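Novice: only geometry, no sequence info:
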Ligand code: SF4
């Protein structure tokens, strides 16, 4: 049984004072911890990384300089459920519900609130917008977690969207692979398969710690990959969870081994109530630099910040290009020293 309040959780885990003092008021989102996640938490360790991701503390109740909507999604909402912030892609909030609520959730203004599932008129309105905006090439199906919808609702969602625009790449964004891997039944996979025509689906996962990739989660991801849906991981850099080179190296290699491309490593957004989970950018850059030495190019995620006030995504990395001097680029090696690379003076092609 999933746990949704401190009294129930206190019977399973010896709660710390900070955990006991959490209040759902203020910039906080509800507590919900699924069975699979509970089974992954080391109950004896108050600093267990997975516990930090899902068990709330009173640190969430501290108001700070942050915002409840740092990416300005509300300002960029074109329908009740569709956010169109970048020219070529959009995000559709199909539900506010998840199988478990991550304490670092950047969309906590919406997640776990009473808006619930997308209604049929809201879905039709979004489909109309997509038909009228051919510049949109990709749509993120998100929320919330789309797989909290039942099979019939997912069938209708995918059917409506494919009928509106078969040429759009729909990204299936979910943490259910970790939180509720049993959700991916053969019936559900058959529904997804039925809609695999036109542009491909992409599976967007969020695994933040290597321990999250247990046998059940790996099996759930495999069901998508075996069907021809590529899987990508978008991890979030979190203090006390994965702000460690060894942990992230293990995570990346384990993801790749299980056919999931490590795609992003996100710097935490400036969201109210999440400051205690955010890693400093200085430390993040040090981790990125070391990871780059240890991982292959394909195993290396892009350390990325989504700039406040909807400024867009920027890749964060060591500055390797030092400058151009007398026709020679000075470039720092990730291993040692620097190298010269000549600027091409003129084309040899006629
Ligand atoms: S699964 Fe995604 S939307 Fe849900 S709480 Fe976690 S980060 Fe937020």
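Specialist: Great, that's in hand. Quantities reported herein were computed from a predicted structural model and do not represent experimental measurements.

Novice: State the three-state secondary structure for residue 304.
Specialist: Using DSSP: H, G, I helix; E, B strand; the rest coil, the structure places residue 304 in strand.

Novice: got the contact list for it?
Specialist: 264-267, 313-316 (Cβ atoms under 8 Å, 6 or more residues apart in numbering). Using the backbone N, CA and C atoms, a C-beta is placed for each residue, glycine as well.

Novice: give me that answer again for 10 Å
Specialist: Neighbour list for residue 304: 234, 237, 263-267, 288, 313-317 [criterion: Cβ atoms under 10 Å, 6 or more residues apart in numbering].

Novice: ok, how many other residues are close to the residue of the stretch 201-350 of the chain at minimum distance from the ligand?
Specialist: Minimum separation of the stretch 201-350 of the chain from the ligand (Cβ to the nearest ligand atom) falls at residue 206, amounting to 6.4 Å. Counted with other Cβ atoms under 10 Å, residues neighbouring residue 206 total 18.

Novice: isn't it right next to residue 238, touching?
Specialist: No - the criterion here is Cβ atoms under 10 Å, and residue 206 misses it with residue 238 at 11.1 Å.

Novice: Can you pull the residues that touch both of the two?
Specialist: With Cβ under 10 Å, 6+ apart as the test, residue 206 and residue 238 both reach 102, 266.

Novice: Nearest spatial neighbour of the closest residue to the ligand within the stretch 151-300 of the chain, chain-adjacent residues omitted?
Specialist: Residue nearest to the ligand within the stretch 151-300 of the chain: residue 175 (3.6 Å; Cβ to the nearest ligand atom). Excluding its sequence neighbours, the residue lying closest to residue 175 (Cβ to Cβ, 6 or more residues apart in numbering) is residue 206, at 5.1 Å.

Novice: So what's the predicted local confidence for that neighbour?
Specialist: Residue 206 carries a pLDDT value of 98.

Novice: ok, it to residue 274 distance?
Specialist: 15 Å (Cβ to Cβ, to the nearest Å).

Novice: quick one, what contacts the residue nearest to residue 175?
Specialist: Here residue 206 is in contact with 102, 173-175, 177-179, 212, 233-236, 264, 266 (Cβ under 10 Å, 6+ apart).

Novice: what distance separates the start and the end of stretch 270-288?
Specialist: 20 Å (Cα to Cα, to the nearest Å).

Novice: the strands in this structure, which residues?
Specialist: Under the criterion DSSP state E, strands of the chain are mapped to 82-86, 89-93, 138-142, 169-173, 201-205, 231-236, 260-266, 302-307, 312-315, 321-325, 328-332, 338-342.

Novice: Buried residues in the shortest one, which are they?
Specialist: Across strand 312-315, burial judged by 16 or more other Cβ atoms under 10 Å covers no residue at all.
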